[in-house]
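**Student:** just a sequence and a predicted model for now, questions to come.
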Amino acid sequence: MSYSLVLNSGSSSIKFQLVDPASHAQDEPFASGLVEQIGEDSGRVTLKHQGDKHVVEAPIPDHSVGLKLAFDLMREHGCGIEDVDISAVGHRVVHGGLVFSQPVILTDEVISMVRDLIPLAPLHNPANIDGIEVAQSLLPDIPHVGVFDTGFFHSLPPAAALYAINNEVAGEYGVRRYGFHGTSHEYVSQHVPALLDKPADVVNQITLHLGNGASCAAIRGGLAIDTSMGLTPLAGLVMGTRSGDIDPGIVFHLARQANMSIDEIDELLNRKSGVKGIAGVNDFRVLRERIEEGDDDAWLAYNIYIHQLRRYIGSYMVALGRVDAITFTAGVGENDKFVRADALENLEWFGIKIDPERNELPNDGPREISADDSQVKVFVVPTNEELAIARYADQLAKNS
Ligand code: AMP
């Protein structure tokens, strides 16, 4: 059996998984783990393998030390990279700009193109490149593949992709909607035609990726025609700590009236807003407890979240004209029955009706939660971005 090593490198963390690309979505990966607090005084590597969890704590000055520590820990616990057959390394890359619509083998030329895209993703792409270079130096004989979060949204038509701002400025600075979470929207949407028993090219659908980050997509015949995230992952739905769509005038107002710097506003909107900014917590399990305890801020945050979500669902129904399915995924979408019920409440007139009992079923694989007489089918499909990346990496490696 051969595995793909899947790496998701952030500025201070590396998530890793050893995945059998032929496994099913619900299967546990062969091994998985997290390197965290890179660059801080103390760091930690966690490994999960065969139901056991192993942790090592040590200072981790950079990604190279972090990945080496992860490999050491894997070796120590019977899942060393030398002990298994690794066919490919798949890297999540956040921004592929207008260049990358498909996963690609990471040659020096490709990496240099990813580097050219840093101005579009100054926080994400440098960390992704660090992870790629470190992994290539540790595993030089295995193909490395980049899978781009933006790739699936290359099909957006100009009316959805372009903003109504001065086109010279937009052109010069790459200001347009790129969309993110593409690997998840694509993976989840690909399950839907089979659930509907229809050919993929006739299915119109809306996918709702509701995790700590959240986005939605309108998809016609397998091609995305709209999505809620934009130039950056700050746009669209209300998220755990991100505001989602706001009046851009708020930025000028805060700069002028509150004397806040661009970096402070960036921090405010990305990390101190969203559900957390209103309720003080961003985990929906805690938010629900607070709502049940009668916390007004928790209730308000939840209502703003749901209101925005319904706005997007409504607008995508109009954009698509006819909708066959709406699918929930990611941490909140897969697990929070309240969010699902409230997002689609009172939409019978639009042909949408959730079955309350089906909606209560535990998160256990792809399932329908709509009533039998609902014209629009509603599904929950657990996402698995790592498996999707593992499959792409394995496929490209085999064809290379
Ligand atoms: P993700 O970004 O997809 O990993 O989603 C993470 C978020 O999912 C967490 O911050 C929680 O808000 C939410 N979540 C996870 N499990 C549950 C659950 N059982 N009920 C409600 N929300 C959950």
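**Tutor:** Everything's here; your move.

**Student:** the stretch 51-200 of the chain: strands as residue ranges?
**Tutor:** 52-58, 85-93, 104-105, 144-148 (DSSP state E, counting those that start in this stretch).

**Student:** quick one: which of those is nearest residue 76?
**Tutor:** The closest of the strands of the stretch 51-200 of the chain to residue 76 is strand 52-58. By C-beta to C-beta, the value is 7.6 Å. Placement of C-beta: from N, CA and C, glycine included.

**Student:** which residue would be the closest one in the stretch 101-250 of the chain to the ligand?
**Tutor:** residue 211 (2.5 Å; C-beta to the nearest ligand atom).

**Student:** how about that residue, what does it touch?
**Tutor:** Residue 211 sits next to 240, 330, 331, 332, 333 when contact means C-beta atoms under 8 Å, 6 or more residues apart in numbering.

**Student:** just the buried ones from these, in ChimeraX syntax?
**Tutor:** The ChimeraX command for the buried members of the contacts of residue 211 (criterion: 16 or more other C-beta atoms under 10 Å) is given here:
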select :240,330,331,332,333
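
**Student:** so which of the contacts of residue 211 are in helices?
**Tutor:** 330, 331, 332, 333 (DSSP state H).

**Student:** and which of those residues is nearest to residue 244?
**Tutor:** Out of the ones in helices among the contacts of residue 211, the member with the shortest distance to residue 244 (by C-beta to C-beta) is residue 332, at 13.7 Å.

**Student:** give me the number of residues near the closest residue in space to the closest one that isn't next to it in sequence?
**Tutor:** Closest residue in space to residue 332, ignoring its immediate chain neighbours: residue 210 at 4.0 Å, by C-beta to C-beta, 6 or more residues apart in numbering. Residue crowding around residue 210 was assessed by other C-beta atoms under 10 Å; the count is 26.

**Student:** wait, isn't residue 210 in contact with residue 327?
**Tutor:** No - judged on C-beta atoms under 8 Å, residue 210 makes no contact with residue 327 at a distance of 10.7 Å.

**Student:** can you pull the residues of this structure lying near the ligand?
**Tutor:** Contact residues (C-beta under 6 Å from any ligand atom) of the chain with the ligand: 211, 212, 240, 282, 283, 284, 285, 330, 331, 332, 335, 336.

**Student:** how about a cut-off of 8 Å?
**Tutor:** 209-213, 240, 282-288, 330-336, 339, 363, 383 (C-beta under 8 Å from any ligand atom).

**Student:** you'd agree residue 322 is up against residue 204?
**Tutor:** Yes - between residue 322 and residue 204 there is a contact under C-beta under 8 Å: 5.5 Å.

**Student:** just checking, what packs against whichever helix in the chain runs longest?
**Tutor:** In the chain, taking DSSP H as the definition, the longest helix is helix 296-320. Counting contacts by 3 or more C-beta pairs under 8 Å, 6 or more residues apart in numbering; DSSP states H and E, helix 296-320 packs against strand 204-210, strand 214-220, strand 223-227, helix 274-279, helix 284-292, helix 337-343.

**Student:** any chance of those in a markdown table, with distance to residue 145 and mean pLDDT too?
**Tutor:** Listed next are the helices and strands packed on helix 296-320 as a markdown table, based on distance: least, C-beta to C-beta, whole Å; pLDDT from 0 to 100:
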| stretch | distance to residue 145 | mean pLDDT |
| --- | --- | --- |
| strand 204-210 | 22 | 98 |
| strand 214-220 | 23 | 98 |
| strand 223-227 | 21 | 98 |
| helix 274-279 | 32 | 98 |
| helix 284-292 | 33 | 98 |
| helix 337-343 | 34 | 98 |
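
**Student:** and residue 54, how many residues sit next to it?
**Tutor:** Neighbour count for residue 54, taken as other C-beta under 10 Å: 14.

**Student:** any idea how far the closest residue in space to it that isn't next to it in sequence is from residue 369?
**Tutor:** Sequence neighbours aside, residue 47 is the residue nearest to residue 54 in space, at 4.6 Å (criterion: C-beta to C-beta, 6+ apart). Distance, residue 47 to residue 369, by C-beta to C-beta, to the nearest Å: 35 Å.

**Student:** what of residue 328?
**Tutor:** Residue 328 is 8 Å from residue 369, by C-beta to C-beta.

**Student:** shared neighbours, the two?
**Tutor:** Common contacts of residue 328 and residue 369 (C-beta under 8 Å, 6+ apart): 340, 378, 379, 380.

**Student:** ok so, going back, got a list of what the residue nearest to residue 332 touches?
**Tutor:** 237, 309, 328, 329, 330, 331, 332, 333, 336, 339.

**Student:** just give me the closest of the residues you listed to residue 34.
**Tutor:** Using C-beta to C-beta, residue 331 comes nearest to residue 34 of the contacts of residue 210, at 15.7 Å.

**Student:** next, the contact list for the closest one, please.
**Tutor:** Residue 331 touches 210, 211, 212, 284, counting by C-beta under 8 Å, 6+ apart.

**Student:** go on, residue 146?
**Tutor:** 91, 93, 96, 100, 103, 104, 106, 110, 114, 128, 132.

**Student:** bridging residues for it?
**Tutor:** Taking DSSP bridges, one obtains residue 91, residue 104 as the residues bridged to residue 146.

**Student:** so what pLDDT did it get?
**Tutor:** Looking at residue 146, its pLDDT stands at 98.

**Student:** closest residue of the stretch 251-400 of the chain to the ligand?
**Tutor:** The minimum distance from the stretch 251-400 of the chain to the ligand, using C-beta to the nearest ligand atom, falls at residue 331 (2.1 Å).

**Student:** how many neighbouring residues does residue 112 have?
**Tutor:** By other C-beta under 10 Å, neighbour count at residue 112 equals 10.

**Student:** how far away is it from residue 272?
**Tutor:** 35 Å.

**Student:** higher neighbour count, residue 328 and residue 369?
**Tutor:** With neighbours defined as other C-beta under 10 Å, residue 328 and residue 369 compare such that residue 328 has more, 29 against 24.

**Student:** the helix or strand that contains the more buried one pairs with which strands?
**Tutor:** Here residue 328 sits within strand 325-329, counting by DSSP states H and E. Strand 325-329 sits in its sheet next to strand 204-210 (parallel), strand 377-380 (parallel), going by DSSP bridges.

**Student:** perfect, that will be all.
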